[in-house]
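Colleague: Okay, here's the prediction I keep looking at, along with the sequence it came from:
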Amino acid sequence: MLPKTKKMIPDWPTLSQHSRTLAPGLLLSVTVAAAATFLSAHYGAPQMLFALLLGIAFHFLANDSKCQPGVEFAAKKVLRFGVALLGLRITIDEMMMLGWEMLAWVACGIALTITIGMLVAKLLGRRVQFGVLTGGSVAICGASAALAISAVLPKHQYSERNTLFTVIAVTAFSTIAMVIYPIFVNILGFDNRLAGIFIGGTIHDVAQVVGAGYSISPQAGEFATITKLLRVALLVPVILIISLYFRRHPEQSGEKADIPLLPLFVVGFCVCVAINSAHILPASVTSTLSGLSSWCLVAAVAALGIKTSVKKLFTIGYEPILMVVIETLSIAAWVLLGIYWLG
């Protein structure tokens, strides 16, 4: 009689079972994202803001056993996939159009804004990583940067609340700046190139940069978009530096955290930039994937809203608002100085 052999079938869930587990929460997040997109298209308010507010309205489902796995998946995995695809909006040639001096100036402005965020956070008694989160979001690309940076920061009990606040704050300030900054550059008498550089170098979110730039002129809109995409491209070195910093200074996190030096979504971002710069994919495919990136990020924000309660959000205090105001004014002053110095 032959001895019985153990089954060689793995005991982890099959792909179909895993999909069924994630489906309810993912469907909820995508539905909220679709509703936010519809409202944004019809009422003109920021898509991310609608996604957050609608997501918060469904917070009662955050701990539901059916929805929770999919919501968590959207807030983490879908988010990182969307950030990686952001690279398809950028080419190296477009960034070089601004010149090395302006490239260096914008990069220094990002470093300065994050540093100011860390210092102000310390002065106001907040965690250093909160200053990194708000400073990086203001300096780079608003809500998208907030989501990407939060993915590599050490986690603690207030992580999700802080991320949600940062997304709301930078979206709100971006919308205000979209209205005010075109008037401001007109008062200063900037031409299309300088107006576009100021708009692209200061406003937080990409959508608001495009709106503000093209409200001045098509030429200003083009320069604003290119300048903004340069800031988006600098998301990669910023995330690498943040990862390295908190790996070497675990005491700053308040708890031990396993932070990867080179997150996979950052590698994906770089690959997408290289693909777009080499024009490997047809324009239609690139456009479709870029649109998918936007959908992923909106779904991730919706999931983040679902996970966060209004009660916790209102416990954050006035200090974070002051931090974002200081960071916003700092990067605006820096870009303005660069325009007058470099011309």
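Modeller: Yep, that arrived. Numbers count the residues shown, from 1 in each chain.
Colleague: Okay, now the unreliable bits of the stretch 201-343 of the chain?
Modeller: 249-262, 311-315, 343 (pLDDT under 70).
Colleague: what does the stretch 1-150 of the chain give?
Modeller: Low-confidence segments of the stretch 1-150 of the chain (pLDDT under 70): 1-16.
Colleague: Cross-check the contact I'm expecting between Met118 and Leu124.
Modeller: No - counting by C-beta atoms under 8 Å, Met118 does not reach Leu124; the two are 11.1 Å apart. Quick note: C-beta positions are derived from backbone N, CA and C, even for glycine.
Colleague: Who has more neighbours out of those two?
Modeller: Met118 (22 against 16; other C-beta atoms under 10 Å).
Colleague: And the helix or strand hosting the more buried one, what does it pack against?
Modeller: Met118 belongs to helix 100-123 when assigned by DSSP states H and E. In terms of contacts (3 or more C-beta pairs under 8 Å, 6 or more residues apart in numbering; DSSP states H and E), helix 100-123 is packed against helix 128-139, helix 192-202, helix 218-233, helix 319-342.
Colleague: show me where the stretch 1-150 of the chain has helices.
Modeller: Along the stretch 1-150 of the chain, the stretches classed as helices by DSSP state H, counting those that start in this stretch are 15-43, 47-57, 68-73, 79-85, 92-96, 100-123, 128-139, 143-150.
Colleague: These into TSV, with extra columns for distance to Phe223?
Modeller: Supplementary listing: the helices of the stretch 1-150 of the chain in TSV, determined by distance: least, C-beta to C-beta, whole Å:
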stretch	distance to Phe223
helix 15-43	25
helix 47-57	24
helix 68-73	38
helix 79-85	24
helix 92-96	11
helix 100-123	10
helix 128-139	19
helix 143-150	21
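Colleague: Look at stretch 275-294 and report the distance between its end residues.
Modeller: Start and end residues of stretch 275-294 are separated by 18 Å (C-alpha to C-alpha, to the nearest Å).
Colleague: Sorry, wrong one. I was asking about stretch 185-197.
Modeller: From its first residue to its last, stretch 185-197 covers 10 Å (C-alpha to C-alpha).
Colleague: Repeat that for stretch 70-88.
Modeller: For stretch 70-88, by C-alpha to C-alpha, the gap between its terminal residues amounts to 26 Å.
Colleague: in that stretch, what counts as buried?
Modeller: Of the residues in stretch 70-88, those scored as buried under the neighbour-count criterion (16 or more other C-beta atoms under 10 Å) are 70-76, 78-88.
Colleague: Stretch 281-295 now?
Modeller: The neighbour-count check on stretch 281-295 (16+ other C-beta under 10 Å) flags 286, 289-290, 293-295 as buried.
Colleague: This completes my enquiry, with thanks.
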